[in-house]
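Student: coordinates only, sequence not included:
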C-alpha cells in the first residue's frame, strides 16, 4: 500500500477558532486538530475548486487573524495531502491571496459559519449543495456538436501558413497539437 505524501503546513489561527474546531461534534474523539482541519478541508474541496474558478482577486490584502487584537494566536501544524495543498497553492497564485494560511483560515471560517447555521445538518446541506452544483454543470455542458462548431469557427479565422491548434485537457496542459 502506497501512502500519499503529506505536506506539513504551519500556520496561525485564533484561539477561539482552535477551540471551536477541537469541540466540533462531527469529529469528536477521532482525530487531533490536524486531522480535523484536513477532514474539513477535504469536505470543502468542491467549494475550494469553485472559489478557484469563480473567485475574485484579493489583491494581496492582509486579513487579520482575529478582529480582537488581544485574542491569543495559536500555532497549528496541519499535515495536508499534496493534492489538497496544490489546490491552495494554485488559489494563492491565481487569486492573489496574501498567504496560503489566509486561504485556509477563510475556508475554516466558512465551515464554522455553516456549522452555526445548519448545526447537525451541516454535512447533509453540503452534500445537497454539491448535488445542485453537479446538476447545474451537467445542464450547462456543451455537446460534442457545439464543441465542434466552436472549433470550426476558430479554425476559420486562423491565418494561412503554419496554423497550429492546441487542444487542452481539464488541467490546462496540451493533449494534442494539430497542424492545419
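Tutor: Now that the structure is in, tell me what you want to look at. Given the structure is predicted, the values throughout are model-derived calculations rather than measurements.
Student: in a helix, that's where residue 60 is, yeah?
Tutor: No - Residue 60 is assigned coil when assessed by DSSP: H, G, I helix; E, B strand; the rest coil, not a helix.
Student: so residue 130 makes contact with residue 45?
Tutor: No - counting by C-beta atoms under 8 Å, residue 130 does not reach residue 45; the two are 9.5 Å apart. The way it works is simple: take the backbone N, C-alpha and C, and place the C-beta from them, glycine included.
Student: Can you tell me how far residue 62 is from residue 91?
Tutor: 16 Å (C-beta to C-beta, to the nearest Å).
Student: same deal with residue 73?
Tutor: 23 Å.
Student: Could you check which of these two has the larger neighbour count?
Tutor: residue 91 (22 against 13; other C-beta atoms under 10 Å).
Student: for that one, what are its contacts?
Tutor: Going by C-beta atoms under 8 Å, 6 or more residues apart in numbering, residue 91 touches 48, 51-52, 55, 97, 103.
Student: got those as TSV, with pLDDT columns?
Tutor: Formatted as TSV, these follow (pLDDT from 0 to 100):
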residue	pLDDT
48	94
51	91
52	88
55	85
97	89
103	94
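Student: What lies in contact with stretch 38-50?
Tutor: Counting by C-beta under 8 Å, 6+ apart, 21, 27, 31, 78-81, 84, 87-88, 91, 104, 107-108, 110-111, 123, 126, 130, 133 sit against stretch 38-50.
Student: Before I go, just wanted to say thanks for your time.
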